[in-house]
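K.L.:
this one's sequence-less:
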């Protein structure tokens, strides 16, 4: 059984799209996949309702987390501990819409690899990274128009046609990612790694997702698997890091917390993954950019003796 844990905070608009992308009707070849969706509402001042969440299907359950914490790490860990599935898909920011092949490809990867850590590529909706486009007037109304015209609900891979940038400067599939906004891992492996480190208490969790991603990639005894062609697409919602200008980005605040916790600066783990899956036509342009960046990056790393 697959347990999908998705966290929301004051993004009612975005939640409706995200939850739709987690439904059996939207996900390809999901008719025989046994899954549950645990939708967390982490202390929202304008929360979702249980009826709204359950309307997406019998697989959906709603949990409002009464808290003053601005980091969702503890709430997500608690949800993962109570999950009924042996395998987890974790979405730390519920503003992300998934492509329609995530469930089926993840199920195949879990069956194919022993103890895998599965990553998907994160993108930003809109013409540029949202940290740049917000300064040029990009907002929820603009995005609603893009989403409506794309026809993504009929074909989720059309999201690639309205995403102008990778969310992660690691450049997705063929680069060296900092994080994955939707990752898969066995429940036992997640708990053995300690889940999200609850010492990260900064807004939105700070670098908690980056920290877990690097620890999962660095672990021994398990495969690091990149799900080709599958991705998550970040909707504009006024996020503390994703939707502020680069000049106002809280990276220093987040990184200072990381250093206090680990006693060293953040660094990516230079590990190349197994590639699993295929690329839909709509993703080919993004794949070319990713491949060009990745080849240059890994050649440089090899020359420097770092990979």
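P.N.:
Done, it's in. Note that the coordinates shown come from a computational prediction; the quantities given were computed from them, not determined experimentally. Residues are numbered from 1 along each chain as shown.
K.L.:
in the chain, which helix or strand is least confident?
P.N.:
Across the helices and strands of the chain, mean pLDDT, DSSP states H and E gives its lowest value to helix 130-133, namely a mean of 92.
K.L.:
Buried residues, the helix or strand following that helix. List them.
P.N.:
Sequence order places helix 140-150 as the next helix or strand after helix 130-133, per DSSP states H and E. Residues of helix 140-150 classed as buried by neighbour count (16 or more other CB atoms under 10 Å): 142-143, 146-147, 150. Backbone N, C-alpha and C define where each C-beta goes, glycine included.
K.L.:
Make JSON lines from those residues and add pLDDT and distance to residue 85 to it.
P.N.:
As requested, the buried residues of helix 140-150 are exported to JSON lines (pLDDT from 0 to 100; distance: CB to CB, whole Å):
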{"residue": "142", "pLDDT": "96", "distance to residue 85": "37"}
{"residue": "143", "pLDDT": "97", "distance to residue 85": "32"}
{"residue": "146", "pLDDT": "97", "distance to residue 85": "33"}
{"residue": "147", "pLDDT": "98", "distance to residue 85": "29"}
{"residue": "150", "pLDDT": "98", "distance to residue 85": "31"}
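K.L.:
JSON lines please, covering the residues you listed and showing distance to residue 165.
P.N.:
As requested, the buried residues of helix 140-150 are exported to JSON lines (distance: CB to CB, whole Å):
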{"residue": "142", "distance to residue 165": "15"}
{"residue": "143", "distance to residue 165": "14"}
{"residue": "146", "distance to residue 165": "14"}
{"residue": "147", "distance to residue 165": "16"}
{"residue": "150", "distance to residue 165": "16"}
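K.L.:
and of these, the nearest to residue 14?
P.N.:
Here the nearest of the buried residues of helix 140-150 to residue 14, counting by CB to CB, is residue 143; it sits at 9.4 Å.
K.L.:
Please name the residues that touch that closest one.
P.N.:
The contact partners of residue 143, taken as CB atoms under 8 Å, 6 or more residues apart in numbering, are 125-126, 235-236.
K.L.:
Surely residue 50 is in contact with residue 60?
P.N.:
No - contact criterion CB atoms under 8 Å: residue 50 and residue 60 do not qualify, at 9.5 Å.
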